[in-house]
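# what follows is a predicted protein model with its sequence.
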Amino acid sequence: MTKSTASAPSVTPPALLREVDVPAWDHDTDVLVIGFGSAGASAALGAREAGARVLVLERASGPGGSSAIAGGHFYLGGGTPVQTACGFEDSAEEMYKYLEALTPDPEPEKLRLYCDGSVAHFHWLEAQGVPFDRSYYPGKAAIQPGRDCLIWSGNEKVWPYRDIAIPAPRGHKVAFDGPDGGGALAMQHLSSAVGQSDAQQLFDVQVCNLIADATGGICGVRFRQDGQLRHARARGGVVLSAGGYIMNTQMFDHELAWMPRDLIKHGVPNDDGAGVLMGVSAGGAAIGLHQAFLTSPVYPPESMIKGVMVNALGQRFVAEDSYHGRAAGFIVEQPQGITYLILDSATFGYPPYDFFEQKLVDGYETVESMEAGLGLPQGSLAKTLADYNSAAAQGEDPAFNKYAEWLQPLDQPPYAAFDLSVGHAKFAGFSLGGLSTSADAQVRRADGSVLAGLYAAGACAWNIAQDARGYSSGTCLGEATFFGRRAGLHAGARIRD
Ligand SMILES: Cc1cc2nc3c(=O)[nH]c(=O)nc-3n(C[C@H](O)[C@H](O)[C@H](O)COP(=O)(O)OP(=O)(O)OC[C@H]3O[C@@H](n4cnc5c(N)ncnc54)[C@H](O)[C@@H]3O)c2cc1C
């Protein structure tokens, strides 16, 4: 059970309808799946595996959701065939220790299931047609440029996590030949597997309300189709897999008020929180609605990691080899959101993505002129660099324990500063809060009891991906497909039972 407390969303949830008020059922099925992204596809496949009839209701004109615009990392480990083929040892236990240490509110049962089931889940994804090469990308990158599969996609080698769990790369990218498109390829295969499974699918339908039976259990939904209100009955359960809420303006302004206001909102227009809000209407607890993934990556080139990030006080605040989401999570908390990346001529490079607008402030012949040029307190940057350089020369970083591989004295003028500050550079992000769920993806009330007939998975549920600082690339698609499938299996089994 989660330790985090539930909070009421700032948006009023839709009404919970009663079965007695339904004029007639337009559809009758076993498992209703709301939303056809990766969580919905996996729920549909899980329910078909359980032998249940399935109806998927999708608001857009086709499957995909934000899953189809994702980079295509799945966070998997414990000795997957790719890890083994590439010569990396890993175990479910080390994966568990790592995720537990980085997750603000780890739920041991769910985390254990996810780690213990990770290799089997990899095989399941491949069985649905999702392709993964047996190859490794050794570079530091937000996403591999080509189709190489395995990458260090989190903070595994970052202190203190490298001391807590034996590091292993666990980011598995779908075999797509380019930086963007892995998520689309995964969705192409998952949706075609759903098609072959004989699950029914309806597109251009917007689910707007849940319907409860006389016992309070969820037994169906109301949706809009061609301007008409329709009703679909679910005998086993309703799976909410309708995505996150980054596009809900009110929730962005209230729950996510800490995020940069000029955020590049990562998602699709339908990420309006409908899944979370419907779950709350039925009595489900919403957890961590203020949490989000955030990023503004400065690498590749890898040499940028050898620079230091300083705030308005000229002080470092994070190990610069942290995963880009973790670094961004620290940047937004600095005084006035001010951060500069300091490089020397030996480490100089340009950040990889123009749209993050991390501008070069200037080049400087001396540390003193850079300090004055950036408006930092006198002597602050000089001290930060003197301390960093003397320790780096010994292969050490007592302040932040940056990995030895990235330690190099910054003493080759001219120097350069890039502006990573909030309001100057751009950040991208998506919501991470969602409905409290059991290990079988059943929606829970605030007291921990489960709501009969209601499930949630993916971006509308609260699972493993919980905040920017602890995020590892691939946890969203990993948990969406893992717990989505479990939701479908459990809801489908209710029919049999
Ligand atoms: C640019 C980008 C890159 C990313 N890269 C990665 C990555 O590499 N790895 C990773 O793990 N995560 C990544 N993520 C995050 C990840 O994509 C999402 O967390 C994940 O795809 C969520 O899956 P989902 O199935 O829950 O939601 P979605 O894929 O968004 O699917 C939800 C579906 O529900 C539908 N819907 C919404 N409301 C309704 C309604 N009322 N009625 C019916 N249907 C409705 C939507 O139209 C949508 O199709 C990335 C996200 C973005 C935006």
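Yep, that arrived.
# can you get me a residue count around the one residue in the stretch 51-200 of the chain that gets nearest to the ligand?
Across the stretch 51-200 of the chain, the shortest distance to the ligand (C-beta to the nearest ligand atom) belongs to G65, at 2.4 Å. Every C-beta, even on glycine, is put in place using the N, C-alpha and C of the backbone. By other C-beta atoms under 10 Å, the residues close to G65 number 31.
# ok, now V20?
Neighbours of V20 under the rule other C-beta under 10 Å: 9.
# about what we covered before: quick check: the residue of the stretch 51-200 of the chain closest to the ligand touching G243?
Yes: contact criterion C-beta atoms under 8 Å: G65 and G243 qualify, at 5.4 Å.
# look up phi and psi at the spatially closest residue to D362 that is not a sequence neighbour.
Spatial nearest neighbour of D362, chain neighbours left out: G373 (5.8 Å); criterion: C-beta to C-beta, 6 or more residues apart in numbering. Backbone torsions for G373, taken as degrees, to the nearest 10, come to phi -60, psi -30.
# was I right to think G373 contacts G363?
No: at 9.6 Å, G373 does not count as touching G363 under the criterion of C-beta under 8 Å.
# what about R224, which SS state?
Recorded secondary structure, R224: strand (DSSP: H, G, I helix; E, B strand; the rest coil).
# ok, it to L202 distance?
Distance, R224 to L202, by C-beta to C-beta, to the nearest Å: 11 Å.
# again with E405
52 Å.
# repeat for G284
For G284, the distance to L202 (C-beta to C-beta) stands at 24 Å.
# who's more crowded, the two?
Neighbour count, other C-beta under 10 Å: between G284 and L202, G284 has more, with 31 against 16.
# number of residues surrounding D467?
For D467, using other C-beta under 10 Å, the count is 21.
# right, and it touches Q291 too?
Yes: contact criterion C-beta under 8 Å: D467 and Q291 qualify, at 4.8 Å.
# now the common contact residues for those two.
Both D467 and Q291 are contacted by P104, L432, under the criterion C-beta atoms under 8 Å, 6 or more residues apart in numbering.
# what's D28 sitting at in phi/psi?
Dihedral angles for D28 - degrees, to the nearest 10 - are phi -140, psi 120.
# for the closest residue to it other than its chain neighbours, give me its contacts.
Nearest non-adjacent residue to D28, counting by C-beta to C-beta, 6+ apart: R233, 4.7 Å away. By C-beta under 8 Å, 6+ apart, the residues touching R233 are W25, H27, D28, T29, C219, G220.
# would you check which pair of these lies furthest apart?
Maximum pairwise distance among the contacts of R233 (C-beta to C-beta): 12.4 Å, between H27 and C219.
# neighbour count winner among those two?
Per other C-beta under 10 Å, whichever of H27 and C219 has more neighbours is C219, with 26 against 17.
# wait, a strand at that one?
Yes: using three-state DSSP, the assignment for C219 is a strand.
# can you tell me the closest non-neighbouring residue to it?
Leaving out its chain neighbours, the residue that sits closest to C219 by C-beta to C-beta, 6+ apart is D213, at 4.3 Å.
# so the one you found sits against L17, correct?
No: D213 is beyond contact range of L17, at 10.7 Å (criterion: C-beta under 8 Å).
# comparing the two, which residue is more hemmed in?
For D213 versus L17, neighbours defined as other C-beta under 10 Å are more numerous around L17 (18 against 15).
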